[in-house]
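How does the following fold in three dimensions:
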Amino acid sequence: MPNEPAACALCLQPAILRSSHIVPEFCYKGMYDVKHRAIAIDPLEDDGSSYVQKGHRCYLLCDNCEQHLNEQYEKPFLVSWYRRGVLSDLAQHKALVVRGLDYASFKLLHLSILWRASCCQPSWGADGLRPWAKERLRKMLLDQDPGAEWEFPVIASAVDDQRGGIWESLVEPPYGIRLYGHHGFLTTYAGCHWSVLVSAHQCLEIADIRLSPSGSLPVVVGPPQTPRRHAMWKEIYDKYKASRQQATNNEST
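Next up, the predicted model:
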């Protein structure tokens, strides 16, 4: 444990840094065995698995910034996604529009996970995030600014567990994707593959499936994805569009 002050990754002020989680610990619910161990899987490796006692952590944040991310983004996500029962609704309907989300806190939660992953040394899968994007995300998180709707858009696909439910306990680090010519990252937690596009230009093709300022998010249940199956992603997103009407008819309120 570091006992010398270092610059906090978020506020940039010198402080004793905390061992910060990347993905909130509550997203690991159901993963631990009787010894409180989970199996960590590296999706880039054929057999990259090992036991871990906690989710991935690194020394990133001061106490105040750790509390800021927890209060402003993590706790609202816990309520709006887990306690509201969205995953149960998805298991039943397979496609729906989740409504009533707080756009700012919900979007910034997902951006915070990508940003934290990119700040880790060694990186937790997001080392390809460009410096301008990392700095923009830092300022957005610090200022509670979700940005424009098209800026770092968030898209979700729930993961089918092949047993009639949602694979809630799957957690995987981000890896790079390209969608409709735009660069982005896909990270898995909270029952979904979450994609964030990182581009200086708007991706019009996803305008009707990204998280919207009205607090709505279309979600379709699909198979687990890995970098080796990345070619399937355009097919999955095309499926989003085709099922838009079905999702609208099965709204989660």
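
who does the helix or strand containing Ile177 pair up with?
Assigning secondary structure by DSSP states H and E places Ile177 in strand 172-179. Strand 172-179 sits in its sheet next to strand 182-189 (antiparallel), going by DSSP bridges.

how about the CA coordinates for the strand it pairs with, as CSV?
Output in CSV follows, covering the C-alpha atoms of strand 182-189 (Å, rounded to 0.1, in the frame of the first residue of the first chain):
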residue,chain,number,x,y,z
HIS,A,182,-16.2,4.6,-35.1
HIS,A,183,-13.7,3.5,-32.5
GLY,A,184,-15.0,2.4,-29.1
PHE,A,185,-14.7,0.1,-26.1
LEU,A,186,-16.8,-2.8,-24.9
THR,A,187,-16.8,-3.7,-21.2
THR,A,188,-19.0,-6.4,-19.5
TYR,A,189,-20.6,-6.1,-16.1
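
May I see the buried residues of it?
Going by neighbour count (16 or more other Cβ atoms under 10 Å), the buried part of strand 182-189 is 182, 184-189. C-beta here means a position set from N, CA and C on the backbone, and glycine is covered the same way.

Skipping its backbone neighbours, what lies nearest Leu141 in space?
Excluding the flanking residues, the one nearest Leu141 by Cβ to Cβ, 6 or more residues apart in numbering is Ser112, at 5.5 Å.

Just say helix, strand or coil for the one you found.
helix (DSSP: H, G, I helix; E, B strand; the rest coil).

neighbours of it, just the number please.
24 (other Cβ atoms under 10 Å).

Contacts only, for it.
69, 73, 137, 141 (Cβ atoms under 8 Å, 6 or more residues apart in numbering).

again with Val98
Val98 neighbours (Cβ under 8 Å, 6+ apart): 86, 89, 216-219, 252.

Put the buried members of the residues you listed into a ChimeraX selection.
Here is the ChimeraX command that selects the buried residues among the contacts of Val98 (16+ other Cβ under 10 Å):
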select :86,89,216,217,218,219,252
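
Tell me which two of the contacts of Val98 sit farthest apart.
Asp89 and Ser216 (13.9 Å; Cβ to Cβ).

Against Asp63, how distant is the most centrally placed residue in the chain?
Centroid check for the chain by Cα atoms, centre = their mean gives His110 as the closest residue, at 4.2 Å. Going from His110 to Asp63 by Cβ to Cβ, to the nearest Å gives 23 Å.

just Ala156 next, same as before
On the measure of Cβ to Cβ, Ala156 and Asp63 end up 31 Å apart.

For these two, indicate the residue with more neighbours.
Ala156 (23 against 12).

give the contact list for that one.
Contacts of Ala156 by Cβ under 8 Å, 6+ apart are 192-195, 211, 217, 219.

and the residue nearest to Asp161 when sequence neighbours are not counted, how many neighbours?
Spatial nearest neighbour of Asp161, excluding adjacent residues (Cβ to Cβ, 6+ apart): Trp167 at 4.0 Å. If you count neighbours by other Cβ under 10 Å, Trp167 ends up with 19.
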